[in-house]
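>>> Sequence and computational prediction follow.
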Amino acid sequence: MAQNLVIIPTYNEIENIDQMVKAVFQLAVPFDLLVVDDGSPDGTGKRVAELQQEYPGQLHLLSRNGKLGLGTAYIEGFKFALKNNYAFIYEMDCDFSHDPNDLVRLYDACHQKDADLVIGSRYVSGVNVVNWPMGRVLMSYFASVYVRFITGMPVHDATAGFKCYRRRVLECIDLDQIRFKGYAFQIEMKFTTWWMGFRVVEEPIIFKDRTMGNSKMSSGIFKEAFFGVIGMKLRSLFKKRPAQKS
């Protein structure tokens, strides 16, 4: 079975993609990389296709027609990972807000702490965010407080997008039933993993705001998360937990 697959959704990340690909493939632990590109007008997908010639069998590309949402990009990436028998599946942004070197720390945590899901957490050891406006830090931090209050899930960074799943977690989740497409997708996946009884661990990271390219965050994404969490919790009260795979 193949070991590690990093999934990176992209939309207009031409300024970051070369450096990110190089950074991932220089790590001491071997990782394959899947870029899910939503038809970037700036040519990000085209550039990844060119880079595949340098990294045959390691760098993969799924090209989609237009912006279809963060959640659907990861769902397609998860299905690719399961089809190709990867044991550990990672989520990461392309803008270097997540340090590629921390992929090794997530990998180690899965093994050393016997975790099913490792979250690269901004808030498990204080507030480790660099170069964000204070308003955005507060909004992000209290979003996680809100999620913990509503769901009871003991996770300090409920909206984090830097994660590692063991294969068996994604095999047990009905990926086609994941409802949220944007910011709330990250909450729903963590909640579903925890609700199903898998071991969730938070590993502290330092999160840095992007230095190149533009943020994809919007007020509509926050609204989806705020109002969707209550419905997600209520639905869980009437569902039966599926059996875990070993």
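Cool, got the structure.

>>> From Trp195, how far out is Asp38?
29 Å (Cβ to Cβ, to the nearest Å). (Each C-beta comes from the backbone N, C-alpha and C, glycine too.)

>>> ok, these two, which is more surrounded?
Using other Cβ atoms under 10 Å as the criterion, Asp38 and Trp195 rank with Asp38 on top: 21 against 16.

>>> Check whether the more buried one really touches Arg64, as I assumed.
Yes: using Cβ atoms under 8 Å, Asp38 is in contact with Arg64, at 5.0 Å.

>>> Now the common contact residues for those two.
The overlap between the contact sets of Asp38 and Arg64 (Cβ atoms under 8 Å, 6 or more residues apart in numbering) consists of Ala73.

>>> List the contacts of Lys208.
Per Cβ under 8 Å, 6+ apart, neighbours of Lys208: Phe96, Ser97, Asp99, Val129, Val130, Asn131.

>>> For it, name its beta-bridge partners.
Note on Lys208: beta-bridge partners Val130, judged by DSSP bridges.

>>> Spatially nearest residue to the spatially most central residue of the chain (excluding sequence neighbours)?
Taking Cα atoms, centre = their mean as the criterion, Glu91 is the residue nearest the geometric centre of the chain, at 3.3 Å. Residue nearest to Glu91 in three dimensions, not counting chain neighbours: Lys163, with 4.7 Å by Cβ to Cβ, 6 or more residues apart in numbering.

>>> give me the number of residues near that neighbour?
The number of residues near Lys163, taken as other Cβ under 10 Å, comes to 25.

>>> can you check Leu34 too?
25.

>>> Can you list the residue ranges for helices in this protein?
17-25, 44-51, 70-83, 102-112, 134-151, 167-172, 183-195, 219-236 (DSSP state H).

>>> which parts of the shortest one are buried?
Of the residues in helix 167-172, those with enough neighbours to count as buried (16 or more other Cβ atoms under 10 Å) are Arg167, Val169, Leu170, Cys172.

>>> just the fifth one next, same as before
For helix 134-151, the buried set under the neighbour-count rule, 16+ other Cβ under 10 Å, comprises Val137, Ser140, Tyr141, Ala143, Ser144, Tyr146, Val147, Ile150, Thr151.

>>> next one: the first one
Residues of helix 17-25 classed as buried: Ile17, Met20, Val21, Val24, Phe25 (neighbour count, 16+ other Cβ under 10 Å).

>>> What is the nearest of those residues to Leu59?
Distance ranking of those against Leu59, using Cβ to Cβ, places Val21 first at 6.4 Å.

>>> Now do the contacts for the closest one.
Val21 touches Leu33, Val48, Leu51, Tyr55, Leu59, counting by Cβ under 8 Å, 6+ apart.

>>> Distance check, it against Arg179.
32 Å.

>>> Look up phi and psi at the residue nearest to Ala143 when sequence neighbours are not counted.
The shortest distance from Ala143 to any non-neighbouring residue, by Cβ to Cβ, 6+ apart, is to Thr159 (5.6 Å). Reported as degrees, to the nearest 10, the phi and psi values for Thr159 are phi -100, psi 10.

>>> Tell me, how many residues neighbour Thr159?
22.

>>> Can you pull out the low-pLDDT segments for this protein?
1, 210-225, 242-246 (pLDDT under 70).

>>> Just checking: what are the partner strands of the longest strand seen in it?
Using DSSP state E to define each element, the chain has its longest strand at strand 2-10. Strand 2-10 has the following sheet partners, assigned by DSSP bridges: strand 32-37 (parallel), strand 86-91 (parallel).

>>> Highest mean neighbour count out of these?
strand 32-37 (a mean of 25; mean count of other Cβ atoms under 10 Å).

>>> just how off-centre is it within its chain?
Per Cα atoms, centre = their mean, to the nearest Å, the displacement of strand 32-37 from the mean C-alpha position of its chain is 12 Å.
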